[in-house]
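> Structure for this input, please:
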Amino acid sequence: MSISPRFQQRSVVHVSKMATQAAAALLDELMGRSRNVLPEERNQNVHWDSPEVCRHYLVKFCPHDLFTNTKSDLGPCDKPVHDEELKREFEAANSYRRTAFEDEFVRYAESMLTEVDKRIRKGKQRLSLSVKDALASSTTGDGRVDEQLELLSERITGLVSEAERLGSEGNVEEAQGLLKLCDQLREERDSLRRSNENSVWHQAAEMAASQEKQMEVCEVCGAFLIVGDAQQRIDDHLTGKQHVGFAKLRQAIQEIRDGNIWQEERRPLLYTSAVESVRTSVEPQTMHVERCRSTEGHCSLHFVLAR
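Numbers count the residues shown, from 1 in each chain. Take a look at the predicted model:
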């Protein structure tokens, strides 16, 4: 069965079109849909709330840029547009429209910090357990001292039994002599026990303090740090991507929350100011507020004059 040249031509065109579309899709993914647009024209048709714009970047920064080539690397951002001009337009928008973006940023940042805080708690528990192990190993005491204490106790018990036997037989003086010897042995045993306990607890305290001084957990990123380490190593940690990245997340969340608190505290003042402004422009007792509606960060008051 022969295939007509016209059909062959259509097949070639169809395959070529599919290949072109696949190549275009790949370029869109790598370089963005506006790859062929001049830089000065690139964002003319893109608004800050367009779906291809990174919302996190508009609010503060894109978290995907914080941990590149680290164990916390998030990979490339799925939103191709990160533009400073759009960020300025977003910041100029009213607070009501920005709130949803800010809430989304806070939720995402908190989800990342939740994992870090878990790592910090586990690190502290690990250090605490190592200190307890050191205490346990130290408080076992010296085996030779324990043997001496045991021998003294056995000898005291034997002498007491012998003194009781001599006393029952009427040898009172000999029995009293053995009891005095028992008292001396008891004093020796108690002195040996006290010195051993003091030595053990002193050793345990030193070891525990040494363990605590050796390592600590960074409260920002959860990394283990050597206390008293060289300043260069400390500086390397503080300027590392992991520490700087999580510090920026924590700071950004706090700044957003502080801004929201300021907005909440300011709203009643705006309402009161608006009411007082209207009252001064009409006769007393001739108007009342019918409703107050807040939209897009603005308080809309509807006043009705009394008839």
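> now the strands for the protein?
Assigned by DSSP state E, the chain shows strands spanning 215-217, 224-226, 287-295, 298-305.
> where does the stretch 51-200 of the chain dip in pLDDT?
For the stretch 51-200 of the chain, the stretches flagged by pLDDT under 70 are 130-143, 198-200.
> now do 50
Of all residues in the stretch 51-200 of the chain, none has pLDDT under 50.
> Please name the nearest non-neighbouring residue to Asn69.
The shortest distance from Asn69 to any non-neighbouring residue, by CB to CB, 6 or more residues apart in numbering, is to Lys241 (7.6 Å). Glycine gets a C-beta too; all of them are placed from N, C-alpha and C.
> For the one you found, which residues are in contact?
When contacts are counted by CB atoms under 8 Å, 6 or more residues apart in numbering, Lys241 touches 66-70.
> hmm, try it at 10 Å
65-70, 72-73, 221 (CB atoms under 10 Å, 6 or more residues apart in numbering).
> would you turn those residues into a markdown table with neighbour count?
Compiled in a markdown table, those are given as follows (neighbours: other CB atoms under 10 Å):
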| residue | neighbour count |
| --- | --- |
| Asp65 | 16 |
| Leu66 | 20 |
| Phe67 | 18 |
| Thr68 | 13 |
| Asn69 | 6 |
| Thr70 | 12 |
| Ser72 | 16 |
| Asp73 | 12 |
| Cys221 | 22 |
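> Tell me the one of these nearest Thr157?
Cys221 (61.1 Å; CB to CB).
> can you tell me which two in the contacts of Lys241 are farthest apart?
Applying CB to CB across the contacts of Lys241, the maximum distance is between Asp65 and Cys221, 16.6 Å.
> Val118 contacts Gly222, doesn't it?
Residue 118: Lys, not Val. Yes - with contact defined as CB atoms under 10 Å, Lys118 reaches Gly222; the gap is 8.4 Å.
> out of the two, which sits in the more crowded spot?
Per other CB atoms under 10 Å, whichever of Lys118 and Gly222 has more neighbours is Gly222, with 20 against 11.
> That one and Arg155: what is the separation?
Here Gly222 is placed at a distance of 57 Å from Arg155 (CB to CB, to the nearest Å).
> got it, and Cys77?
Separation of Cys77 from Arg155 (CB to CB): 80 Å.
> now Gly170
Applying CB to CB, the value for Gly170 to Arg155 is 24 Å.
> Could you check which of these two has the larger neighbour count?
Taking other CB under 10 Å, Gly170 and Arg155 do not tie; Arg155 has more neighbours (14 against 9).
> ok, for the more buried one, nearest residue in space, not its chain neighbours?
Arg155's closest residue in space is Leu185 (CB to CB, 6+ apart), at 6.1 Å.
> so what's the one you found up against?
With contact taken as CB under 10 Å, 6+ apart, Leu185 is in contact with 151-153, 155-156, 159.
> now do Arg55
Here Arg55 is in contact with 48-49, 62, 79, 90, 100-102, 104-105, 108 (CB under 10 Å, 6+ apart).
> about what we covered before: can you tell me which of the contacts of Leu185 are buried?
Taking 16 or more other CB atoms under 10 Å as the criterion, what is buried in the contacts of Leu185 is 152, 156, 159.
> how about low-confidence regions in the stretch 201-307 of the chain?
266, 269-271, 273-275, 277-278, 282-307.
> From Arg107, how far off is Glu216?
According to CB to CB, Glu216 stands 30 Å off from Arg107.
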